[in-house]
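Engineer: with the sequence up front, the predicted model follows.
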Amino acid sequence: MARCTACESLVGAKQSTPAHAALKSIDRKRYKTVGWHTGYITNYKCSECGTKWTLDKDKQDAHAGWAEQSD
């Protein structure tokens, strides 16, 4: 199934971009890096188009953000 318009807006989005209304949180995991700072990985699924997303929130990683999950 193709991504909905709201999911299209998350492609390449930064970690500060909020989840859209149709995204439902599936689970959340906390991790610690070598430098001992904490980050969070949250998995989402869109109730409109079924696209699965991962949001990596890590204040020390400028590349963290939204990524589509592949099945």
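Structural biologist: Perfect, thanks for sending it. Since the structure is predicted, the reported quantities are computational estimates derived from the model, not experimental observations. Numbering: from 1, shown residues only.
Engineer: tell me, what residue is most central in the protein?
Structural biologist: residue 55 (2.0 Å; Cα atoms, centre = their mean).
Engineer: quickly find the element holding that one.
Structural biologist: strand 52-57 (DSSP states H and E).
Engineer: quick one: the helices in this structure?
Structural biologist: For the chain, applying DSSP state H gives helices covering 5-8.
Engineer: so what are the sheet partners of the strand holding residue 55 and their directions?
Structural biologist: strand 38-46 (antiparallel), strand 66-68 (antiparallel) (DSSP bridges).
Engineer: buried residues in the longest one?
Structural biologist: Put plainly, it is strand 38-46. Judged by neighbour count using 16 or more other Cβ atoms under 10 Å, the buried positions of strand 38-46 are 39, 41-42, 44, 46. For the C-beta atoms, the positions are set from N, CA and C on the backbone; glycine is no exception.
Engineer: then stretch 5-18?
Structural biologist: 6-7, 10, 15.
Engineer: who's in contact with the nearest residue to residue 49 once chain neighbours are set aside?
Structural biologist: Leaving aside its chain neighbours, residue 49 sits nearest to residue 4 (4.0 Å; criterion: Cβ to Cβ, 6 or more residues apart in numbering). Contacts for residue 4 (Cβ atoms under 8 Å, 6 or more residues apart in numbering) come out as 22, 46, 48-49, 51.
Engineer: apply 7 Å and report the result again.
Structural biologist: 46, 48-49 (Cβ atoms under 7 Å, 6 or more residues apart in numbering).
Engineer: would you turn those into JSON lines with pLDDT?
Structural biologist: Output for the contacts of residue 4, formatted as JSON lines (pLDDT from 0 to 100):
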{"residue": "46", "pLDDT": "98"}
{"residue": "48", "pLDDT": "96"}
{"residue": "49", "pLDDT": "96"}
